[in-house]
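Chemist: 3D model of this:
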Amino acid sequence: MTVLDVEGVFNVRDVGGMPASQGRIRDGVLLRSATLVATAPAGIAELERRVTHIVDLRDGQEVTESPSAVTSIATTNLPLFLGSVASFFDDDLGLDEMYRHLIDESGQRLADAVRVIAREQGTLVHCTVGKDRTGVTVALALAAVDADRDAVVADYALTESLLPPERNRRITAFLRSQHPHAENAVALATQSPAAVMRRLLDEIDARWGSAADYLRDQGVSDDELAALRSALVER
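Modeler: Next up, the predicted model:
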(Lines give C-alpha, C1' and ligand atoms only; values in the text may rest on other atoms or scores of the structure.)
Protein backbone atom coordinates (compact mmCIF):
# COMPACT_ATOMS: atom_id res chain seq x y z
CA MET A 1 0.00 0.00 0.00
CA THR A 2 1.11 3.56 -0.63
CA VAL A 3 0.12 6.32 1.81
CA LEU A 4 -0.68 9.46 -0.18
CA ASP A 5 -0.39 13.12 0.75
CA VAL A 6 -3.66 14.80 -0.26
CA GLU A 7 -3.93 18.21 1.37
CA GLY A 8 -6.95 18.45 3.66
CA VAL A 9 -7.66 14.71 3.73
CA PHE A 10 -6.33 12.12 6.15
CA ASN A 11 -5.96 8.36 5.93
CA VAL A 12 -5.46 8.36 2.16
CA ARG A 13 -3.79 5.46 0.41
CA ASP A 14 -3.58 3.45 -2.79
CA VAL A 15 -3.93 -0.27 -2.05
CA GLY A 16 -2.04 -1.22 -5.20
CA GLY A 17 1.04 -3.38 -4.91
CA MET A 18 -0.18 -6.08 -2.56
CA PRO A 19 0.22 -9.64 -3.85
CA ALA A 20 -2.71 -11.59 -5.22
CA SER A 21 -3.02 -15.24 -6.20
CA GLN A 22 -2.58 -14.48 -9.91
CA GLY A 23 -0.32 -11.43 -9.73
CA ARG A 24 -0.55 -8.19 -7.78
CA ILE A 25 -3.12 -5.51 -7.10
CA ARG A 26 -2.81 -2.85 -9.77
CA ASP A 27 -1.60 0.61 -8.71
CA GLY A 28 -3.97 3.52 -9.07
CA VAL A 29 -7.21 1.55 -9.37
CA LEU A 30 -8.47 1.48 -5.77
CA LEU A 31 -7.85 4.27 -3.30
CA ARG A 32 -9.35 4.83 0.14
CA SER A 33 -9.61 7.77 2.51
CA ALA A 34 -11.48 9.58 5.23
CA THR A 35 -14.03 12.32 4.49
CA LEU A 36 -13.33 14.86 1.76
CA VAL A 37 -15.10 17.71 3.54
CA ALA A 38 -11.92 19.75 4.15
CA THR A 39 -10.05 18.91 0.96
CA ALA A 40 -7.84 21.86 0.01
CA PRO A 41 -7.60 23.11 -3.60
CA ALA A 42 -4.26 21.36 -4.02
CA GLY A 43 -5.82 18.16 -2.65
CA ILE A 44 -8.71 18.43 -5.08
CA ALA A 45 -6.25 18.79 -7.95
CA GLU A 46 -4.35 15.72 -6.75
CA LEU A 47 -7.54 13.67 -6.59
CA GLU A 48 -8.61 14.87 -10.03
CA ARG A 49 -5.28 13.57 -11.32
CA ARG A 50 -5.72 10.14 -9.73
CA VAL A 51 -9.45 9.40 -9.48
CA THR A 52 -12.28 9.00 -11.99
CA HIS A 53 -15.05 8.08 -9.53
CA ILE A 54 -15.75 8.44 -5.81
CA VAL A 55 -17.85 6.10 -3.68
CA ASP A 56 -19.15 7.92 -0.59
CA LEU A 57 -20.39 5.43 2.02
CA ARG A 58 -21.81 8.02 4.43
CA ASP A 59 -25.50 8.37 5.18
CA GLY A 60 -27.68 11.27 4.13
CA GLN A 61 -27.34 13.19 7.38
CA GLU A 62 -23.54 12.95 7.30
CA VAL A 63 -23.47 14.17 3.69
CA THR A 64 -25.82 17.06 4.47
CA GLU A 65 -23.91 18.16 7.56
CA SER A 66 -20.45 17.68 6.03
CA PRO A 67 -20.67 17.97 2.24
CA SER A 68 -17.67 16.91 0.21
CA ALA A 69 -15.41 19.67 -1.04
CA VAL A 70 -14.76 17.59 -4.16
CA THR A 71 -17.57 18.27 -6.62
CA SER A 72 -15.63 17.86 -9.87
CA ILE A 73 -15.40 14.04 -9.73
CA ALA A 74 -18.42 11.81 -10.33
CA THR A 75 -19.66 10.45 -7.00
CA THR A 76 -21.93 7.57 -6.06
CA ASN A 77 -23.46 7.70 -2.59
CA LEU A 78 -24.00 4.24 -1.07
CA PRO A 79 -24.85 4.62 2.64
CA LEU A 80 -23.85 1.44 4.43
CA PHE A 81 -25.39 2.08 7.82
CA LEU A 82 -29.14 1.55 7.55
CA GLY A 83 -29.92 3.83 10.47
CA SER A 84 -28.13 6.33 12.66
CA VAL A 85 -24.37 6.05 13.05
CA ALA A 86 -24.87 7.22 16.63
CA SER A 87 -26.91 4.10 17.37
CA PHE A 88 -23.77 1.96 17.29
CA PHE A 89 -22.36 4.03 20.13
CA ASP A 90 -25.68 4.11 21.97
CA ASP A 91 -25.90 0.31 21.77
CA ASP A 92 -22.20 -0.05 22.70
CA LEU A 93 -21.48 -2.41 19.83
CA GLY A 94 -17.99 -3.75 19.32
CA LEU A 95 -16.20 -3.69 15.98
CA ASP A 96 -16.96 -7.35 15.32
CA GLU A 97 -20.67 -6.72 15.81
CA MET A 98 -20.64 -3.60 13.66
CA TYR A 99 -18.94 -5.38 10.77
CA ARG A 100 -21.29 -8.34 11.04
CA HIS A 101 -24.15 -5.83 10.83
CA LEU A 102 -22.64 -4.39 7.66
CA ILE A 103 -22.33 -7.68 5.82
CA ASP A 104 -25.77 -8.85 6.99
CA GLU A 105 -27.73 -5.64 6.41
CA SER A 106 -25.89 -3.73 3.67
CA GLY A 107 -24.99 -6.47 1.21
CA GLN A 108 -26.68 -4.80 -1.77
CA ARG A 109 -24.78 -1.55 -1.23
CA LEU A 110 -21.51 -3.41 -0.73
CA ALA A 111 -22.20 -5.20 -4.00
CA ASP A 112 -22.91 -1.89 -5.74
CA ALA A 113 -19.65 -0.44 -4.41
CA VAL A 114 -17.76 -3.41 -5.82
CA ARG A 115 -19.48 -2.88 -9.18
CA VAL A 116 -18.20 0.71 -9.29
CA ILE A 117 -14.66 -0.45 -8.50
CA ALA A 118 -14.93 -3.05 -11.28
CA ARG A 119 -15.95 -0.59 -14.01
CA GLU A 120 -13.91 2.51 -13.18
CA GLN A 121 -10.23 3.10 -13.89
CA GLY A 122 -9.57 4.78 -10.57
CA THR A 123 -12.01 4.64 -7.66
CA LEU A 124 -11.73 6.36 -4.29
CA VAL A 125 -13.83 4.79 -1.52
CA HIS A 126 -14.42 6.87 1.61
CA CYS A 127 -16.68 7.37 4.60
CA THR A 128 -16.10 9.71 7.54
CA VAL A 129 -12.93 8.25 9.06
CA GLY A 130 -12.05 5.73 6.35
CA LYS A 131 -11.86 2.93 8.89
CA ASP A 132 -15.01 0.81 9.21
CA ARG A 133 -17.34 1.20 6.23
CA THR A 134 -14.39 1.89 3.94
CA GLY A 135 -12.34 -0.85 5.57
CA VAL A 136 -15.00 -3.51 5.07
CA THR A 137 -15.73 -2.45 1.47
CA VAL A 138 -12.09 -2.38 0.41
CA ALA A 139 -11.26 -5.63 2.18
CA LEU A 140 -14.23 -7.34 0.56
CA ALA A 141 -13.23 -6.19 -2.93
CA LEU A 142 -9.64 -7.29 -2.40
CA ALA A 143 -10.58 -10.64 -0.88
CA ALA A 144 -12.94 -11.30 -3.79
CA VAL A 145 -9.98 -11.25 -6.21
CA ASP A 146 -7.82 -13.39 -3.91
CA ALA A 147 -5.48 -10.67 -2.68
CA ASP A 148 -3.10 -11.97 -0.05
CA ARG A 149 -5.07 -12.28 3.19
CA ASP A 150 -2.26 -10.96 5.39
CA ALA A 151 -1.86 -7.92 3.14
CA VAL A 152 -5.59 -7.19 3.17
CA VAL A 153 -5.63 -7.37 6.96
CA ALA A 154 -2.50 -5.20 7.20
CA ASP A 155 -4.10 -2.55 5.00
CA TYR A 156 -7.11 -2.41 7.30
CA ALA A 157 -4.93 -2.26 10.42
CA LEU A 158 -2.84 0.60 9.00
CA THR A 159 -5.70 3.07 9.47
CA GLU A 160 -5.23 3.30 13.23
CA SER A 161 -1.74 4.78 12.80
CA LEU A 162 -2.97 7.31 10.22
CA LEU A 163 -5.72 8.93 12.29
CA PRO A 164 -4.75 12.44 13.47
CA PRO A 165 -3.87 12.38 17.20
CA GLU A 166 -5.79 15.60 17.86
CA ARG A 167 -8.90 14.11 16.24
CA ASN A 168 -8.55 11.01 18.43
CA ARG A 169 -8.15 13.09 21.59
CA ARG A 170 -11.19 15.18 20.73
CA ILE A 171 -13.45 12.26 19.84
CA THR A 172 -12.29 10.21 22.84
CA ALA A 173 -13.13 13.04 25.25
CA PHE A 174 -16.53 13.51 23.61
CA LEU A 175 -17.42 9.82 23.71
CA ARG A 176 -16.38 9.44 27.33
CA SER A 177 -18.58 12.39 28.27
CA GLN A 178 -21.56 11.14 26.25
CA HIS A 179 -21.19 7.40 26.91
CA PRO A 180 -19.37 7.14 30.26
CA HIS A 181 -20.30 3.49 30.78
CA ALA A 182 -19.68 2.26 27.23
CA GLU A 183 -16.96 -0.35 26.90
CA ASN A 184 -16.50 -0.19 23.12
CA ALA A 185 -17.03 3.44 22.16
CA VAL A 186 -13.40 4.56 22.01
CA ALA A 187 -12.28 1.44 20.14
CA LEU A 188 -15.17 1.91 17.73
CA ALA A 189 -13.98 5.41 16.88
CA THR A 190 -10.20 5.07 16.94
CA GLN A 191 -8.98 1.48 16.52
CA SER A 192 -8.55 -0.96 13.64
CA PRO A 193 -7.11 -4.16 15.12
CA ALA A 194 -5.85 -6.66 12.57
CA ALA A 195 -7.58 -9.51 14.41
CA VAL A 196 -11.01 -7.93 13.83
CA MET A 197 -10.66 -7.88 10.05
CA ARG A 198 -9.18 -11.37 10.02
CA ARG A 199 -12.19 -12.65 11.99
CA LEU A 200 -14.59 -10.93 9.59
CA LEU A 201 -12.97 -12.45 6.50
CA ASP A 202 -12.83 -15.85 8.19
CA GLU A 203 -16.54 -15.54 9.05
CA ILE A 204 -17.39 -14.68 5.45
CA ASP A 205 -15.47 -17.75 4.30
CA ALA A 206 -17.25 -19.93 6.87
CA ARG A 207 -20.75 -18.67 6.03
CA TRP A 208 -20.54 -18.18 2.26
CA GLY A 209 -17.42 -20.05 1.13
CA SER A 210 -15.44 -16.98 0.04
CA ALA A 211 -15.72 -13.23 -0.40
CA ALA A 212 -16.58 -13.82 -4.05
CA ASP A 213 -19.37 -16.20 -3.05
CA TYR A 214 -20.68 -13.61 -0.59
CA LEU A 215 -20.88 -11.10 -3.44
CA ARG A 216 -22.61 -13.67 -5.65
CA ASP A 217 -25.19 -14.07 -2.90
CA GLN A 218 -25.79 -10.30 -3.10
CA GLY A 219 -26.44 -10.55 -6.84
CA VAL A 220 -22.98 -9.89 -8.30
CA SER A 221 -22.61 -11.94 -11.48
CA ASP A 222 -19.62 -14.01 -12.53
CA ASP A 223 -19.03 -11.53 -15.35
CA GLU A 224 -18.94 -8.68 -12.82
CA LEU A 225 -16.50 -10.61 -10.63
CA ALA A 226 -14.34 -11.24 -13.69
CA ALA A 227 -14.42 -7.51 -14.42
CA LEU A 228 -13.39 -6.79 -10.82
CA ARG A 229 -10.44 -9.16 -11.15
CA SER A 230 -9.46 -7.61 -14.49
CA ALA A 231 -9.63 -4.12 -12.98
CA LEU A 232 -7.72 -4.89 -9.80
CA VAL A 233 -5.21 -7.63 -10.66
CA GLU A 234 -2.23 -7.41 -12.98
CA ARG A 235 0.04 -10.33 -13.71
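Chemist: Okay, helices next: where are they in this protein?
Modeler: Applying DSSP state H to the chain gives helices spanning 41-50, 60-65, 86-90, 95-105, 107-119, 133-144, 149-162, 165-178, 185-190, 194-208, 211-217, 222-232.
Chemist: tell me which residues in the last one are buried?
Modeler: Right, the one you point to is helix 222-232. 224-225, 227-229, 231-232 (16 or more other C-beta atoms under 10 Å). Placement of C-beta: from N, CA and C, glycine included.
Chemist: Residue 172: neighbour count?
Modeler: Residues contacting residue 172 under the criterion other C-beta atoms under 10 Å number 14.
Chemist: Quick check: closest non-adjacent residue to it.
Modeler: residue 186 (5.3 Å; C-beta to C-beta, 6 or more residues apart in numbering).
Chemist: my read: the one you found touches residue 173, true?
Modeler: No - in this structure, residue 186 is not within contact of residue 173 by C-beta atoms under 8 Å, at 10.0 Å.
Chemist: residues touching the residue nearest to residue 62 when sequence neighbours are not counted, list them.
Modeler: In space, and not counting its chain neighbours, residue 62 is closest to residue 128: 6.1 Å by C-beta to C-beta, 6+ apart. Going by C-beta atoms under 8 Å, 6 or more residues apart in numbering, residue 128 touches 34-35, 58, 62, 66, 85.
Chemist: just curious, which of these is nearest to residue 139?
Modeler: residue 34 (16.4 Å; C-beta to C-beta).
Chemist: Would you mind measuring from the closest one to residue 216?
Modeler: According to C-beta to C-beta, to the nearest Å, residue 34 and residue 216 sit 30 Å apart.
Chemist: now swap in residue 149 and tell me
Modeler: Taking C-beta to C-beta, one finds residue 149 at 19 Å from residue 216.
Chemist: So which residues make contact with stretch 189-200?
Modeler: 89, 95-96, 99-100, 103, 129, 131, 135-136, 139, 149, 152-154, 156-160, 163, 168, 171-172, 175, 187.
Chemist: returning to what we had before: can you list the contacts of residue 128 in TSV and add pLDDT, neighbour count and distance to residue 27?
Modeler: Formatted as TSV, the contacts of residue 128 follow (pLDDT from 0 to 100; neighbours: other C-beta atoms under 10 Å; distance: C-beta to C-beta, whole Å):
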residue	pLDDT	neighbour count	distance to residue 27
34	97	22	21
35	97	23	24
58	95	23	26
62	91	19	30
66	96	14	29
85	65	17	32
